[in-house]
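Student: Got a predicted model here, sequence first, then my questions.
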Amino acid sequence: MTKAGVFMHIKSKAIVDSRTKNLVRRLNPGQIGVICHRDLDELGALSLINAKAKAVINIEPSISGRYPNLGPKLLCREGIPLVDNTGPELMERVKDGDILEIKNNEIYMDGVLVGRGHLMDMKRVERKMELARQNLESELDGFIDNTLEYAKKEKEFILGQIKLPPVRTVFAGRHALVVVRGKDYRNDLNTIRSYIEEVKPILIGVDGGGDALLEFGLVPDIIIGDMDSVSDKALRNCREIIVHAYLNGMAPGMDRINRLGLKAQILSCPGTSEDIAMLLAYENRAELIVAVGAHSSMIDFLEKGRKGMGSTFLTRLKVGEKLVDAKGVNKLYRESVKTKHIVGLVLAAMIPIVVVGAMSPPLQQLYRLLSIRLRLMLGF
């Protein structure tokens, strides 16, 4: 990002969307993303970075102070200017394709000032992050209360017998890999690649987790979720689709499935889609459930806009020892090739070459000639 005292001027086409995950699908490199994302989370920032945004304008506070979210820091680190908290009027005035000019804190369109915010630099971000850390204790109190309240309401649904839709996939006696497109999912999937190839678990993609599997050349057996962040390609390639519905049976995700001409089952259950993916595997007698990219901490849930994790707490209580969370496994174990392994491999490969050479008459003759020449040189 520009240093203090340096004038920043950026001019480019704008792409506007109130949902960051929808915006990045349409954002081309070098364009300006106009988002509505209070407490910009790590995944949202990474998606903007991967889309090669030239700059980001957020009509909401990117760090509200509720908790220390990492999104703005990542944008600053990558040198992507972030103009923060411009107010909702900007999104009403700017449409896709409009040419915007950012001059430090001010935003212009056709030479007319259309918005003003705060240009976030690393110093401002760190200051806001420190204030957010100080507020974390009070946020934790509310989070715990909310978790317990919803756990009481949802315990009968989750801890009792869940009415599951019939699935063609046979879980009994097999492992199930539940993939969520959460933090570090790429590194974790890469680290357990040998496990996937050897054990061949049932592959369950939770919404965008279906695309995460496709990234690694893996075809999802099941995609489960509300269908708001998974690609058409993933839905067409997977073997079964389960739409997460509200308790009243309403399943907005079915509209998309019907438009694509695909078939799906509906599962009504409280909680997150990753919760019901684990419950589906558990109730169908999977031997082991391995979760990649799943949400498990308070920060994870706050970034998802949830004030508690009642259903997730109950789900983990129910699946118990069958669940292995692979979050951060790439940090625990990094497979590397050491120099001693390479030397050993080379020496092992040389043994048959030396043996074959020793048995070859032409090479035996060469050895004798070299031996005679060496003796003559040394005067023996």
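Tutor: Arrived safely, thanks for sending. Numbering: from 1, shown residues only.
Student: CA only for contacts and neighbour counts going forward, please
Tutor: Noted.
Student: where does the chain dip in pLDDT?
Tutor: Along the chain, segments meeting pLDDT under 70 span 1-7, 147, 150-151, 156-161, 296-310, 328-380.
Student: quick one: the residue nearest to residue 45 when sequence neighbours are not counted and residue 129, what's the gap?
Tutor: Nearest non-adjacent residue to residue 45, counting by Cα to Cα, 6 or more residues apart in numbering: residue 71, 4.8 Å away. Computed as Cα to Cα, to the nearest Å, the residue 71 to residue 129 distance reads 11 Å.
Student: repeat for residue 166
Tutor: Taking Cα to Cα, one finds residue 166 at 47 Å from residue 129.
Student: So those two - more neighbours on which side?
Tutor: Shown here are residue 166 and residue 129; by other Cα atoms under 10 Å, residue 129 has more neighbours (22 against 10).
Student: Quick one: residues contacting that one.
Tutor: Shown in contact with residue 129 (Cα atoms under 8 Å, 6 or more residues apart in numbering): 63, 65, 67-69.
Student: what's the closest of those to residue 50?
Tutor: Lowest distance from residue 50 to the contacts of residue 129 (Cα to Cα) belongs to residue 69, with 18.5 Å.
Student: buried set for stretch 117-135?
Tutor: Going by neighbour count (16 or more other Cα atoms under 10 Å), the buried part of stretch 117-135 is 117-122, 125, 128-129, 131-132.
Student: In CSV, list these along with distance to residue 106 and secondary structure.
Tutor: Shown next, in CSV, are the buried residues of stretch 117-135 (distance: Cα to Cα, whole Å; DSSP: H, G, I helix; E, B strand; the rest coil):
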residue, distance to residue 106, secondary structure
117, 7, coil
118, 8, strand
119, 9, strand
120, 12, strand
121, 15, coil
122, 19, helix
125, 19, helix
128, 21, helix
129, 24, helix
131, 26, helix
132, 26, helix
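Student: Can you give me the neighbour number for the residue nearest to residue 45?
Tutor: 21.
Student: Now it: phi and psi?
Tutor: For residue 71, the backbone dihedrals (degrees, to the nearest 10) come out as phi -50, psi -50.
Student: Look up how far residue 118 lies from it.
Tutor: Going from residue 71 to residue 118 by Cα to Cα gives 16 Å.
Student: Could you do residue 169 as well?
Tutor: 52 Å.
Student: Please report the distance of residue 82 from residue 125.
Tutor: The gap separating residue 82 from residue 125 is 10 Å, by Cα to Cα.
Student: what do those two both touch?
Tutor: Listed as contacting both residue 82 and residue 125 by Cα under 8 Å, 6+ apart are residue 72.
Student: about what we covered before: I'd like the buried residues of stretch 117-135 laid out as CSV, including distance to residue 149.
Tutor: What follows is the buried residues of stretch 117-135, written out as CSV (distance: Cα to Cα, whole Å):
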residue, distance to residue 149
117, 38
118, 38
119, 40
120, 37
121, 39
122, 38
125, 34
128, 30
129, 29
131, 28
132, 25
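Student: Return the closest of those residues with respect to residue 243.
Tutor: Ranked by distance to residue 243 (Cα to Cα), the buried residues of stretch 117-135 are led by residue 132 at 36.2 Å.
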